[in-house]
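# Starting from these lines, generate the structure:
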Amino acid sequence: MGSTAKQALSGTLSGDGFIGTWIIGPGGIEGGTASVTEGNCILNCYAGSNHDSFSTKDQVVRDNYFSNVFAALFQNMGLVSFTTTPIVLKSLTRDGTTAHAETNKPHGFIAGDPVAILNKSSNPPASSDADNNYYGFFAVTPTGQSTFDYPMGAVPDHSPPPSQNHTPAYGAPFFREWDYQRLLDSLTFAVESGSYVATATTMQEHGLYVGEFVLITKASEAAYNGFFEVTHVTRAVPSAMPPILATFKYRFRPNEQPNANSTSGYFGRFWQVGNLVYENNIVDLMTSLSPSGNLAPVTGFSIGGAGQGVPQAYVFRRLTIRENLVRHVDNASDPTQFPYAVFLDSCENAIVDGNIIKLDRTAPIQHTNSKTVYPFNNRTPSGALLRGSEYGTNKIDPDLETQVEDALSMSLL
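Alright, predicted model coming up:
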């Protein structure tokens, strides 16, 4: 791919053609800031671009041609940051097939929680070694704040496993088995300006900014757990004596307050997108893959992200989709009327402006789980105005042009 170095060095992808990529084309550079994707020709892809991981501060996608794509720009967000590095255990022993694990900090587990037990040793034993029976995914039974048991499938040879080949560690999965939560060093509370505020201290730099959302789990009191907006951050100073750890703060939910500091806790950043601009692109969509509608609909701009159902934390903070052309390849017709031009999910503020849309669906601009969506001057090639609507309720959005006309009419009365 001719633009690899260009993408890595400048964050700009431009001027390249891609043919025959079934899964995902390079229609966007995600997971960073100030990326620009322009002047590309992307053909015969499932998605011209797919973004499902990591936060993005700014992205502009403009002046590109997408042909025979299922979706030109596909955002499938809504997850939380994680680590693939497990936490070293203080000890690991066994009685028969029951393993006894001890953690260095309170673990926060409840009975039945799934936990990964892994070997972090740089010199692990052969896979046939019986001591590998310690490792895998298990439902645990807490026996104390810093201890838990779990059942193994067979008896290991040693208790504890030999240190020259074993460094037992654990991971608390988030959504997938290998997505481990990041352990907090401490989680406390105080009353500040009349509000209950939590302060989380992290064991490494957290990378959070004020206004982002964070997920707290497995705290010893329920009031600490959930999605919260970050209100204050400090950075780590590892060179200080003693080293200064990073912190972040958040306010508790109304009518909820803790009774004590939490003895345990994990955190992850809720992946969000700051500013998205999609402008002046030509999108030639394929027709529906399933006449019965049992597959996701073909969509020009599929912007989705309410995966965790967090009503107060919108994934897409500011979105503009303007002056694009969306149609089917060769101006084909799709009698299923399934395809969308624009579908928005979990947008805080969105403007859909000046797009030309030639699709068979009567309401090709729809949104759900969003705060403010402004469609303006979107039209068919013949000049007919296309209004936006709310998915599920079919409530028609007020078009800005109509609002201006109504205001003008009222002023003449």
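# so where's the stretch 301-413 of the chain uncertain?
Along the stretch 301-413 of the chain, the model assigns pLDDT under 70 to residues 306-312, 399-404, 413.
# Run through the helices of it in chain order.
With DSSP state H, counting those that start in this stretch as the criterion, the stretch 301-413 of the chain has helices at 400-411.
# you'd agree residue 75 is in a strand?
Yes. Assessed with DSSP: H, G, I helix; E, B strand; the rest coil, residue 75 lies in a strand.
# change the start of the numbering to 53 and stick with it
Yep, numbering from 53; the last one is residue 127 now.
# Relative to residue 417, how far out is it?
Distance, residue 127 to residue 417, using Cβ to Cβ, to the nearest Å: 16 Å. All C-beta spots, glycine's among them, are computed from the backbone N, C-alpha and C.
# now swap in residue 391 and tell me
12 Å.
# When residue 127 and residue 417 are compared, which one has more neighbours?
residue 127 (29 against 26; other Cβ atoms under 10 Å).
# residue contacts, that one?
Shown in contact with residue 127 (Cβ atoms under 8 Å, 6 or more residues apart in numbering): 103-104, 325, 328, 354-357, 367-368.
# which of these count as buried?
Taking 16 or more other Cβ atoms under 10 Å as the criterion, what is buried in the contacts of residue 127 is 103, 325, 328, 354-357, 367-368.
# For residue 443, state which of these is nearest.
Comparing those against residue 443 with Cβ to Cβ places residue 356 closest, at 11.1 Å.
# for that closest one, what are its contacts?
127-130, 395-398.
# and the two most separated of those residues?
Most distant of the contacts of residue 356, by Cβ to Cβ, are 130 and 395, 14.6 Å apart.
# Which stretches in the stretch 253-402 of the chain count as strands?
Remark: strands assigned in the stretch 253-402 of the chain by DSSP state E, counting those that start in this stretch are 265-269, 278-286, 299-303, 318-321, 325-331, 334-337, 351-356, 368-374, 377-380, 392-397, 399-405.
# which sections of this structure are below the confidence cut-off?
Where the chain drops to pLDDT under 70, the residues are 53-82, 227-230, 344-346, 358-364, 451-456, 465.
# what residues go with each domain of it?
Domains of the chain are assigned by automatic domain parsing as 56-131+324-463, 139-223, 234-321.
# The lengthiest strand in the chain packs against which elements?
The longest strand of the chain (DSSP state E) is strand 234-244. Other helices and strands packing on strand 234-244, by 3 or more Cβ pairs under 8 Å, 6 or more residues apart in numbering; DSSP states H and E, are strand 247-254, strand 318-321.
# okay, those in CSV with distance to residue 421 and mean neighbour count next?
Shown next, in CSV, are the helices and strands packed on strand 234-244 (distance: least, Cβ to Cβ, whole Å; neighbours: other Cβ atoms under 10 Å):
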stretch, distance to residue 421, mean neighbour count
strand 247-254, 26, 18
strand 318-321, 20, 23
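# For those, please prepare TSV with the additional fields distance to residue 299.
Putting these into TSV (distance: least, Cβ to Cβ, whole Å) gives the following:
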stretch	distance to residue 299
strand 247-254	5
strand 318-321	11
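# Tell me which of those sits nearest to residue 430.
Using Cβ to Cβ, the helices and strands packed on strand 234-244 put strand 318-321 closest to residue 430, at 34.0 Å.
# For residue 123, which of the strands of the stretch 253-402 of the chain is the nearest?
strand 351-356 (4.6 Å).
# So what's the gap between that closest one and the chain middle?
16 Å (Cα atoms, centre = their mean, to the nearest Å).
# Over to stretch 127-147?
18 Å.
# swap in stretch 158-165?
With Cα atoms, centre = their mean as the basis, stretch 158-165 stands 25 Å off its chain's centre.
# Check stretch 260-272 too.
Taking mean C-alpha positions (Cα atoms, centre = their mean), stretch 260-272 and its chain are 14 Å apart.
# The closest residue to residue 98 other than its chain neighbours: neighbour count?
In space, residue 98 comes closest to residue 122 once its chain neighbours are excluded; the distance is 4.8 Å by Cβ to Cβ, 6 or more residues apart in numbering. Residues near residue 122, counting by other Cβ under 10 Å, number 21.
# And the one 4 residues further on, by the same measure?
The criterion is other Cβ under 10 Å. On that basis, residue 126 has 24 neighbouring residues.
# what sits against it?
For residue 126, the contact set (Cβ under 8 Å, 6+ apart) comprises 76, 99-103, 351, 354.
# counting contacts, what elements does the helix or strand harbouring residue 120 pack onto?
Assigned by DSSP states H and E, residue 120 falls within strand 117-121. In terms of contacts (3+ Cβ pairs under 8 Å, 6+ apart), strand 117-121 is packed against strand 93-95, strand 334-337.
# what does that strand rub up against?
By Cβ under 8 Å, 6+ apart, strand 117-121 touches 77, 79, 92-100, 124, 333-338, 381.
# strand partners of that strand, parallel vs antiparallel please.
Strand pairing for strand 117-121, using DSSP bridges, gives strand 93-95 (parallel), strand 334-337 (parallel).
# tell me the most buried of these?
Counting by mean count of other Cβ atoms under 10 Å, strand 334-337 has the highest mean neighbour count of those, with a mean of 22.
# got the CA coordinates for that strand in CSV?
Extracted C-alpha coordinates of strand 334-337, given in CSV (Å, rounded to 0.1, in the frame of the first residue of the first chain):
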residue,chain,number,x,y,z
ILE,A,334,-19.2,10.6,-3.8
VAL,A,335,-20.8,7.3,-2.5
ASP,A,336,-22.0,4.7,-4.9
LEU,A,337,-23.6,2.0,-2.7
